[in-house]
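**Student:** what shape does this take:
(one chain, ligands or ions: 2)
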Amino acid sequence: MRREAVVATVPVAVAALLAAAGPATAGTTGAAGAGDPYFPLAGNGGYHVSHYGLTLDYDPKSRHLDGTAVLTARATQRLTRFDLDLKGLKVTGVTVDHVKAAHRRDGQELVVTPRTALRKGRTFRVTVTYNGTPAPVTDPDGSPDGWIPTDDGAFVAGEPQGAMTWFPADNHPVDKSAYDFSLTVPEGHTAVANGVYLGKRTAHGRTTFRWRQAEPMAAYLATVTVGRFRIEQYTTRDGIKVYNAVDPREAAEAAPVLKKLPSVLEWESRLFGPYPYRAAGSIVDHAPDVGYALETQTRPLYDSAPSLSTLVHESAHQWFGDSVSVTRWKDIWLNEGFATYAEWLYTEQHGGRSAQQAFDALYARPASDALWAFPPADPGSGENIFGTPVYARGAMTLHELRRAVGDRTFFRILRAWASAHRYGHGTTARFTALAERESGKDLDGLFHTWLHTKGKPRSA
Ligand code: ARG
Ligand code: ZN
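**Tutor:** Numbers count the residues shown, from 1 in each chain. Ligands and ions are numbered 1, 2, ... in the order given. Below you'll find the predicted structure:
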């Protein structure tokens with residue numbers, strides 16, 4: 001399946017080293033993957049996308065999607081050929097700089113051969129027209145991911161792989177880009193994407209919604225969720241533009257929680273540093289079969305009315321996960337451990353149990369518990385990236401760090417982390433180095449035990 005045999009046949013450790021140096025390349029063809037051992041075909045080599053322009057038309061009744069994607073990219077090597085990630089759907093045309101390009105499908109790869117080679121450093125524009133009935137992929141953990149049809153539209157989430165089910169992408173968080181969306185749906189439906197709402201226009205019974213995500217975004221955090229929603233818009237005291245879309249069936253239960261969004265963002269800004277985006281909001285869908293929420297950038301997506309804890313969690317991801325992104329899926333605890341610890345902190349500072357109590361309750365679990373099944377910084381495969389150790393033991397690691405360095409230094413570390421890699425990427429090694437730098441302490445033992453060692457750590 002994988003055409004660049006050079007990566008597939010080397011041991012994983014070497015592949016990881018190659019990946020650290022950038023995706024493996026074979027001459028002048030862009031690699032089929034970004035070099036992530038958990039998802040070898042996710043992302044691509046040879047270019048970076050600076051902007052996606054997505055023009056989509058969706059009919060919830062027939063479930064038909066018509067799309068045009070315009071990608072502005074820059075070649076990081078000479079390219080006679082490159083890949084995009086796209087699964088399912090039918091591609092009806094590809095151009096590179098307005099010149100028709102040859103293309104073929106190979107599994108989840110859309111292989112594009114431009115008429116003339118692209119020199120290294122060149123900025124180029126790829127236009128892909130496509131259509132069909134989008135369908136989700138099933139993740140290694142069994143969850144649906146991508147374009148998930150609902151009874152009134154579609155729940156569109158993409159972590160870790162699903163973006164490719166609805167637009168051709170460089171589908172790995174290592175590549176972050178700005179987005180413009182133009183989304184047409186039948187009048188009466190709403191199509192909600194990321195970033196700032198630019199307005200809508202209705203003609204001939206169809207409404208087009210326009211959205212702009214100006215700050216860099218990983219493909220998995222893009223959404224274009226469609227449904228019959230109640231809309232609420234306002235601007236916070238800090239000037240953040242809020243757009244909430246709520247399925248009426250979830251509205252009564254969601255209202256008291258959504259009301260707290262501005263205060264949650266303010267509280268998190270005090271703890272983590274300035275909110276990274278100019279827009280915020282929530283999408284509360286009625287999608288009972290999905291089973292998870294996602295921190296879609298600026299506007300988290302819920303499959304039903306969220307609890308306050310879940311809202312705090314997805315909001316914390318705006319700093320940890322969305323603004324500071326993972327470089328490799330292996331480091332997912334940098335997202336989930338942090339967002340989970342934010343829940344503990346919120347509870348602690350709002351009259352509930354302390355983070356220490358949350359830690360103790362988990363630590364009391366026997367060594368045989370799933371919590372200790374693998375170390376958070378080494379989930380082992382894509383199957384485990386949303387496992388309990390990533391969330392709970394990841395949060396426990398941060399609590400241990402806090403106890404070791406004290407509150408003042410701990411919160412300084414969180415802010416330094418959010419600011420050092422704002423709109424960029426982090427790795428576990430960078431985080432532990434930053435924590436040692438900020439605290440002036442040798443934390444190797446703590447991180448070795450909590451992040452990298454199998455089994456229940458002996459002493460808390
Ligand atoms: N990042 C999401 C959260 O913790 C979870 C996404 C789960 N996705 C999945 N395909 N299992 O809020
Ligand atoms: Zn999360």
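**Student:** confidence score at residue 9?
**Tutor:** As summarised for this prediction, residue 9 has a pLDDT of 33.
**Student:** hmm, I typed the wrong one, I wanted residue 27.
**Tutor:** If you check residue 27, the pLDDT there is 84.
**Student:** how about residue 140?
**Tutor:** Predicted confidence (pLDDT) for residue 140: 89.
**Student:** give the contact list for it.
**Tutor:** 381, 382, 383 (C-beta atoms under 8 Å, 6 or more residues apart in numbering). C-beta coordinates here come from the backbone N, C-alpha and C atoms, glycine included.
**Student:** number of nearby residues for residue 139?
**Tutor:** 19 (other C-beta atoms under 10 Å).
**Student:** looking at it, it is touching residue 382, isn't it?
**Tutor:** Yes: assessed by C-beta atoms under 8 Å, residue 139 is found in contact with residue 382 at 7.3 Å.
**Student:** circling back to that earlier point, switch the contacts of residue 140 over to JSON lines; also include secondary structure, pLDDT and distance to residue 173.
**Tutor:** Output for those, formatted as JSON lines (DSSP: H, G, I helix; E, B strand; the rest coil; pLDDT from 0 to 100; distance: C-beta to C-beta, whole Å):
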{"residue": "381", "secondary structure": "coil", "pLDDT": "96", "distance to residue 173": "17"}
{"residue": "382", "secondary structure": "helix", "pLDDT": "96", "distance to residue 173": "13"}
{"residue": "383", "secondary structure": "helix", "pLDDT": "95", "distance to residue 173": "18"}
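**Student:** just the buried residues of those residues.
**Tutor:** By neighbour count, with 16 or more other C-beta atoms under 10 Å, the contacts of residue 140 hold residue 382 as buried.
**Student:** pull up the overlap in contacts between residue 139 and residue 382.
**Tutor:** With contacts defined as C-beta under 8 Å, 6+ apart, the residues shared by residue 139 and residue 382 are residue 160.
**Student:** ok, residue 409 to residue 342 distance?
**Tutor:** Relative to residue 342, residue 409 is positioned 18 Å away (C-beta to C-beta, to the nearest Å).
**Student:** please say which of these two ends up with more neighbours.
**Tutor:** residue 342 (27 against 17).
**Student:** ok, now which ones touch that one?
**Tutor:** Residue 342 sits in contact with 268, 271, 312, 313, 315, 316, 320, where contact means C-beta under 8 Å, 6+ apart.
**Student:** tell me which two of those residues sit farthest apart.
**Tutor:** Largest separation among the contacts of residue 342 by C-beta to C-beta: 271 and 313, giving 13.8 Å.
**Student:** name the residue in the two with the higher neighbour count.
**Tutor:** residue 313 (23 against 17).
**Student:** I figured the more buried one hits residue 341, correct?
**Tutor:** No: judged on C-beta under 8 Å, residue 313 makes no contact with residue 341 at a distance of 9.7 Å.
**Student:** just the CA trace of the longest helix along the chain, in PDB.
**Tutor:** In the chain, ranked by residue count with DSSP state H as the criterion, the top helix is helix 333-349. The C-alpha trace of helix 333-349 is given here as PDB (Å, rounded to 0.1, in the frame of the first residue of the first chain):
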ATOM      1  CA  TRP A 333      -0.600  13.500  26.500                       C
ATOM      2  CA  LEU A 334       0.500  17.100  25.900                       C
ATOM      3  CA  ASN A 335      -3.100  17.700  24.800                       C
ATOM      4  CA  GLU A 336      -5.100  15.300  26.900                       C
ATOM      5  CA  GLY A 337      -3.100  15.300  30.100                       C
ATOM      6  CA  PHE A 338      -3.200  19.100  30.100                       C
ATOM      7  CA  ALA A 339      -6.900  19.500  29.300                       C
ATOM      8  CA  THR A 340      -7.700  16.900  32.000                       C
ATOM      9  CA  TYR A 341      -5.600  18.700  34.500                       C
ATOM     10  CA  ALA A 342      -7.400  22.000  33.600                       C
ATOM     11  CA  GLU A 343     -10.600  20.200  34.700                       C
ATOM     12  CA  TRP A 344      -9.000  19.300  38.100                       C
ATOM     13  CA  LEU A 345      -7.800  22.900  38.500                       C
ATOM     14  CA  TYR A 346     -11.200  24.300  37.600                       C
ATOM     15  CA  THR A 347     -12.900  22.100  40.200                       C
ATOM     16  CA  GLU A 348     -10.300  22.900  42.800                       C
ATOM     17  CA  GLN A 349     -10.600  26.700  42.300                       C
END
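**Student:** may I see the buried residues of that helix?
**Tutor:** In helix 333-349, counting by 16+ other C-beta under 10 Å, buried: 333-347.
**Student:** how close does the closest residue to residue 427 other than its chain neighbours get to residue 174?
**Tutor:** Excluding its sequence neighbours, the residue lying closest to residue 427 (C-beta to C-beta, 6 or more residues apart in numbering) is residue 327, at 5.1 Å. The spacing between residue 327 and residue 174, counted by C-beta to C-beta, is 6 Å.
**Student:** what's the overlap in contacts for the two?
**Tutor:** residue 425.
**Student:** do a quick rundown of the helices in the protein.
**Tutor:** Using DSSP H, the helices assigned to the chain run over residues 5-8, 12-20, 251-258, 261-272, 308-316, 333-349, 355-363, 388, 394-405, 407-420, 428-439, 444-447.
**Student:** now those in JSON lines, with distance to ligand 2?
**Tutor:** Output for these, formatted as JSON lines (distance: least, C-beta to the ion, whole Å):
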{"stretch": "helix 5-8", "distance to ligand 2": "29"}
{"stretch": "helix 12-20", "distance to ligand 2": "24"}
{"stretch": "helix 251-258", "distance to ligand 2": "16"}
{"stretch": "helix 261-272", "distance to ligand 2": "14"}
{"stretch": "helix 308-316", "distance to ligand 2": "5"}
{"stretch": "helix 333-349", "distance to ligand 2": "4"}
{"stretch": "helix 355-363", "distance to ligand 2": "16"}
{"stretch": "helix 388", "distance to ligand 2": "12"}
{"stretch": "helix 394-405", "distance to ligand 2": "10"}
{"stretch": "helix 407-420", "distance to ligand 2": "16"}
{"stretch": "helix 428-439", "distance to ligand 2": "17"}
{"stretch": "helix 444-447", "distance to ligand 2": "21"}
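**Student:** compare those helices and say which comes out lowest on pLDDT.
**Tutor:** helix 5-8 (a mean of 33).
**Student:** residues touching residue 312, list them.
**Tutor:** Contacts of residue 312 (C-beta under 8 Å, 6+ apart): 264, 268, 342, 343, 346.
**Student:** can you do 10 Å?
**Tutor:** When contacts are counted by C-beta atoms under 10 Å, 6 or more residues apart in numbering, residue 312 is found next to 257, 260-261, 264-265, 267-268, 306, 339-340, 342-347, 350.
**Student:** what ranges in the stretch 51-200 of the chain fall below the confidence cut-off?
**Tutor:** The model of the stretch 51-200 of the chain has no residue with pLDDT under 70.
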